[in-house]
Structures are given as structure tokens and as C-alpha cells.
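> Quick one, what's the 3D model for this:
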Amino acid sequence: MKAVLPFVVLLGLAVPALAGPDEARRALADGDTAEITRLAEGGDAAAQMALAEALFMGRGVPKDEAAAVAWMRRAA
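Down below sits the predicted model:
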């Protein structure tokens, strides 16, 4: 639980980043983790946050909290 709280707080602070480009929002809505990953690797902050959330929750990708934190930092 202690590890989850900082993530939730940071995610709450970063929610405005999810209102980014239409492409990232569409990929997130479709659950297209391959597209989200492509956009994140290209520097899209909204996609980086979406990928961090997917990794943290294990949605469409294997759960990996360390990678989630790394992507969140890149988005910041």
C-alpha cells in the first residue's frame, strides 16, 4: 500500500497530461498498448503517462511498477 500511494498522488497530478494529443487519447481509449508504447517512445507525454498507468496496473502489458515509475518520470 505504501508503494501505491505515491503513484496515485503523482498520477493525480499528471492527469492534465492525459488531455494531450488526440492520437494518444484514441490509443488509450482503444487499449492499444502497442500504439501507446510507440507514441511514448516518440516523446508524447500523454502517451508516456498512459503507458505508465498500463504498466502499473498490468492493463494490456505485464505489470511492472519500476518501469511505470520510469515512464512517469519521463513524462514529467
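
> so where's the longest helix in the protein?
helix 45-57 (DSSP state H).

> Downstream of that one, the next helix or strand is which one?
Downstream of helix 45-57, the next assigned helix or strand under DSSP states H and E is helix 65-75.

> Where does the prediction get shaky in the protein?
For the chain, the stretches with pLDDT under 70 are 1-21.

> now with 80?
Residue ranges of the chain with pLDDT under 80: 1-25, 28-29.

> returning to what we had before: elements contacting the longest helix of the chain?
helix 4-14, helix 22-30, helix 33-41, helix 65-75 (3 or more Cβ pairs under 8 Å, 6 or more residues apart in numbering; DSSP states H and E). In this view, the C-beta of every residue, glycine as well, is placed from N, C-alpha and C.

> Same list, those, but as a markdown table with mean neighbour count please.
Shown next, in a markdown table, are those (neighbours: other Cβ atoms under 10 Å):
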| stretch | mean neighbour count |
| --- | --- |
| helix 4-14 | 12 |
| helix 22-30 | 16 |
| helix 33-41 | 19 |
| helix 65-75 | 17 |
